[in-house]
Every structure is written in C-alpha cells, then in structure tokens.
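Have a look at this prediction, sequence included:
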Amino acid sequence: MFSKNTFLLFFYLISGFLFAQKETEKAPPFNIKTVCFVKNNAVSVPFFKLGESFELQFDDLYANEADYYYTITQYNYDWTPSNLVKAEYLQGLDNQRIMTYLNSYNTLQSYSHYTQVFPNRYNQITKTGNYILKIFNDEEELVFSRKFVIYEDKTSVIGEVRRARDFEGMNSKQNIEIAIDYGEQILQNPIQNVRICIFQNANWSTMISNIKPQYTLGTQLIYKYNKETQFWGGNEFYTFDTSNIRITNNSVARVTSGDNIYNSILYTAVPRRNNVYTYFPDFNGNFYIKNASAVDDNTIESDYSWVYFSLDQPELFSNEAIYINGMFNNYELDDENKMDFNPKTNRYEKALYLKQGYVNYQYVIADATKKINFADAIDGNFYLTENSYTILVYYRNNTDRYDRVIGIATINSENIRN
C-alpha cells in the first residue's frame, strides 16, 4: 500500500505533468530598448535554420556597460517545458556573459549597444524546436526574454492565401490553405503527429495552431479549411521616418528639441475603417534602424527621440484601450504602449521613446484582459491587405521526447486568390 506521503508526491508529480505552465515572454524594462533578432544585418522574424548565424541585439539607456547573461531553453510545441535536458539540445554551456557591446557615438541619448551571436564558441543549438532566450543581469534577475524557433527543411510546404469563402468574412479576412509533402520520409501517424503554426506578420499573439490536416493525398497533408485558418486582413501598417531626426517629412509633422532630446511629432492619424482600401507599401510590421548621417555603424550612431502619436478617435468604452504596436515593441499590449485620451483635443495621444529609423506601427483596440477587438479595428479589415504569413511544421513520433520543426514556408497575400 502507498503511504500518504508517497501518494501526495505521486499526485504532485502527475499534476505538474498535466498542468505544466506555458512559458510567456517577459517584456524589457524602460531602459532596455530596440530588442531585436538580426540576420544578415537586418531585423529578422525569429525563425532560423539549424546551424545558421543570427544575433540578438538591444540597447541599454543607462549606458553603464552593465553585465548581462543569457540562457537558452527548449520548449514543446505548446510552449510547455521540453523533456530534454540541456545537454541534449545544446552543445557547450549557456549562462554566458554577453561580451560584445559598444557605446553610442555622437548621440544625444547615450546607450550601450549589446550584440550576441548564435551559434558561438561557447554553445550551439543541436536540435530544432521552440526556444526562449532569457537575459539576466549580474544579480541573476530576469531582465527580458524572447521566443525564437529553430527549424530544418525536411518537408516541402506549399501555402496559398485566399479570400475567405464565408459571407461574413469574404471582404475582411484572408484564409490560408496548406499542403505539406513529406516525400520519402517515414512519419508515424502523420495525421496525429504533425502539427502546424501559422503566423501573420511575425505576431505571436495572433498565431493559429492546433489545426489537424483535413485529409491526405499520397504523401501530402492537406489543409483546406473555410474558417479554422482565417486571419483578419487588417490594413497596411503606418510608417514613420526619423532617419533624419532634425527635419520633417511626410510622416513627421514637426520636430522640436527639449531636454537635449529631439521630439518627433507625427501627423494625426484618422481611422481608416470606413475608407476604401488603398495599397501602401510597408514592412509588414517590421522596422529598420537608420541614421541618414551615420558614418560607419547605424546601430551605435542612431539617436533616440520622443515620438508623439495622435489618433483622431472619440473616447471608447471604459473597459477598452488603444495600443500602439508592431515588431518594434514585439506587439506588446502594456502600459508603456497604451494611449491616453485627451478630452481637450478629443484624441488619443502617446509619446514613445524610440530609436531612429523606419518603423511600422498600428493602432489596436483591446479590452481589460488584453483581448484585441479585431472586428471593430480602428483602420478596418480588408481582404486585399498585403500581409506576410509564415507556416511552421512540427513533428513528434511515438518515441520522441521533444517536438521537431521539420518545415517552413513564407507566403504573401499580395497575389491573393478568390
């Protein structure tokens, strides 16, 4: 017979297994800015092929050359902890200090710019899957964390963006159809063991997952759902340009200087929900650091400014708020990115402290639980909107202890089909 203590231990172990906590990202504090993954010298979506080089970069506005350390942890498809020990997916050791940093040069805002390259001489990821990079200070406190995915091209993934078929969404939504061809690979029970994630504009919060194939066709898994793989079309992102921080342009209405920092006042935005859709090129939520006067290195010669946003929008219900987001702030819905309603101007307003360059952003409505109100989007939803989609393919056979990522595809809705 089990003793009481043995039973309780068994209960807690089973409970921990059944109710494993899903990992979420921790947003950085105010002094940590411009956190991004970089590949080939450009800000990148966080999906990288096994073995290829990429970087994490960020700025510390305290500019005191503080010591920061990083750890790499693998997670399952659903972001619960993986069953592998670190030595099984990481060659070498993590918890290393970030040793590559430079101080800003010829800027009003001083900062220390940190760069960590992966893989490096201390560690290399050896297995595909979901990962979280955690950054700690010298007191072992978690400063911020970021998700990323390592994949291999083991399958052929074909995706297509189509107009929604149902009457309710045909003018406002985009539907993703997918065919996964695993060729001569032997996959155990692929209908159950193959899973997908679909991302719109590299936004984790709107990701669609846990969709099973509808049917198979030879070695192909076919996804041709009517509603399950639909995304709201949204509208083109707004873009502001502060690459020349001292002058105005078609996005910056006025520039002032105060407290030794430039203020970039943007033109007031007017909701576009009732307008006819108009194509305007954007970066699908991305951003690019750029100082038009930089001599050698944009990462340390680009300055910061207060960027003032304003939206000509009447006050919403008390349980709703408007946020500014994009890849520049990891689509975060927090107080730092929350707009304030000004009853004197009858507008929503907010100032964000951002680095020079070209930045895509959007306005979103969310309730107190941070649930976004897509149906009543400030700038509307149009099936013609140009969006970028990424499809990730996961697989775990009956004896695997982790979820592999065996395929990827990136598609665009520019040539959407009916």
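Structure's in. What do you need?

Spit out the contact partners of the closest residue to Ala321 other than its chain neighbours.
In this structure, Ala321 finds its nearest non-sequential neighbour in Lys338, 5.4 Å apart by CB to CB, 6 or more residues apart in numbering. Any C-beta I mention is one placed from the backbone N, CA and C, and that applies to glycine too. If you count contacts by CB atoms under 8 Å, 6 or more residues apart in numbering, Lys338 has them with 321-323, 350.

same check, this time on Thr80
Per CB under 8 Å, 6+ apart, neighbours of Thr80: 20-23.

try Thr229
By CB under 8 Å, 6+ apart, the contact list for Thr229 reads 175-178, 198, 208, 211, 223.

where along this protein do the helices fall?
4-18, 86-89, 190-193, 298-301 (DSSP state H).

same question for the longest one, mean pLDDT?
Taken as a whole, helix 4-18 has a mean pLDDT of 48.

looking at it, Ile365 is touching Glu320, isn't it?
Yes: using CB atoms under 8 Å, Ile365 is in contact with Glu320, at 5.6 Å.

what is in contact with these two at once?
Asn373.

Neighbour count for those two, which is higher?
Counted by other CB atoms under 10 Å, Ile365 and Glu320 do not tie: Ile365 has more neighbours, with 19 against 13.

what's the neighbour count on the closest residue to the more buried one other than its chain neighbours?
Counting by CB to CB, 6+ apart, Asn373 is the residue found nearest to Ile365 once chain neighbours are left out, at 4.3 Å. Neighbour count for Asn373, taken as other CB under 10 Å: 13.

for Ser388, same thing?
Ser388: 20 surrounding residues under other CB under 10 Å.

Look at it and report its pLDDT.
98.

What's opposite it in the beta bridge?
For Ser388, the beta-bridge partners are Asn412 (DSSP bridges).

residues contacting the residue nearest to Ile365?
So Asn373 contacts 320, 364-367 (CB under 8 Å, 6+ apart).

Let's see which of the contacts of Thr229 end up in strands.
Under the assignment DSSP state E, the contacts of Thr229 contribute 175-178, 198, 208, 223 to strands.

domain assignment for the chain?
21-151, 156-233+385-415, 238-367 (automatic domain parsing).

measure stretch 299-309 end to end?
24 Å (CA to CA, to the nearest Å).

and what of stretch 309-320?
With CA to CA as the measure, stretch 309-320 spans 18 Å from end to end.

cool, and stretch 356-374?
30 Å.

ditto for stretch 49-63
33 Å.

next one: stretch 22-35
Rule used - CA to CA; the end-to-end distance of stretch 22-35 is 22 Å.

Can you give me the buried ones in that stretch?
Neighbour-count burial for stretch 22-35, counted by 16 or more other CB atoms under 10 Å, picks out 23, 25, 27-28, 32-35.

and which of these is nearest Lys355?
Distances from Lys355 to the buried residues of stretch 22-35, taken as CB to CB, are shortest for Thr34 (4.7 Å).

confidence score at that closest one?
98.

Contact partners for it?
Taking CB under 8 Å, 6+ apart, we find Thr34 in contact with 57-59, 289, 328, 354-355.

Sort out for me which of these are in strands.
Per DSSP E, the subset of the contacts of Thr34 in strands is 57-59, 289, 354-355.

Spell out which two among the residues you listed are the most distant pair, please.
Going by CB to CB, the pair spanning those furthest: Gln57 and Leu354, at 15.0 Å.

so where's this structure uncertain?
Within the chain, the ranges that satisfy pLDDT under 70 run 1-19.

Asn412 contacts Thr390, correct?
No: assessed by CB under 8 Å, Asn412 is found out of contact with Thr390, at 10.4 Å.

quick one: which of the two has more around it?
Thr390 (20 against 13).

hmm, back to that, show me which of the buried residues of stretch 22-35 is closest to Asp94.
Glu23 (15.9 Å).

The closest one is in contact with Pro81, isn't it?
Yes: in this structure Glu23 lies within contact range of Pro81 using CB under 8 Å: 7.3 Å.

From Tyr348, how far out is the residue lying closest to Ile322 once chain neighbours are set aside?
Among residues not flanking Ile322 along the chain, Met339 sits closest, at 4.5 Å (CB to CB, 6+ apart). Met339 sits 4 Å away from Tyr348, going by CB to CB, to the nearest Å.

Against Phe144, how distant is the residue lying closest to Thr73 once chain neighbours are set aside?
Excluding the flanking residues, the one nearest Thr73 by CB to CB, 6+ apart is Ile132, at 5.3 Å. Applying CB to CB, the value for Ile132 to Phe144 is 11 Å.

Name the residues contacting each of these two.
Glu25.

Burial check on Gln116, number of neighbours?
20.

what about it, distance to Gln74?
18 Å.

can you check Tyr114 too?
Relative to Gln74, Tyr114 is positioned 23 Å away (CB to CB).

Next: Asn171.
42 Å.

more crowded one of those two?
Legend: neighbour count by other CB under 10 Å for Asn171 and Gln74, higher for Gln74 (23 against 15).

Please verify my assumption that the more buried one contacts Asn130.
Yes: using CB under 8 Å, Gln74 is in contact with Asn130, at 6.8 Å.

Pull the number of nearby residues for the nearest residue to Leu217 once chain neighbours are set aside.
Residue nearest to Leu217 in three dimensions, not counting chain neighbours: Ala179, with 7.9 Å by CB to CB, 6+ apart. By the measure other CB under 10 Å, the count of residues near Ala179 is 17.
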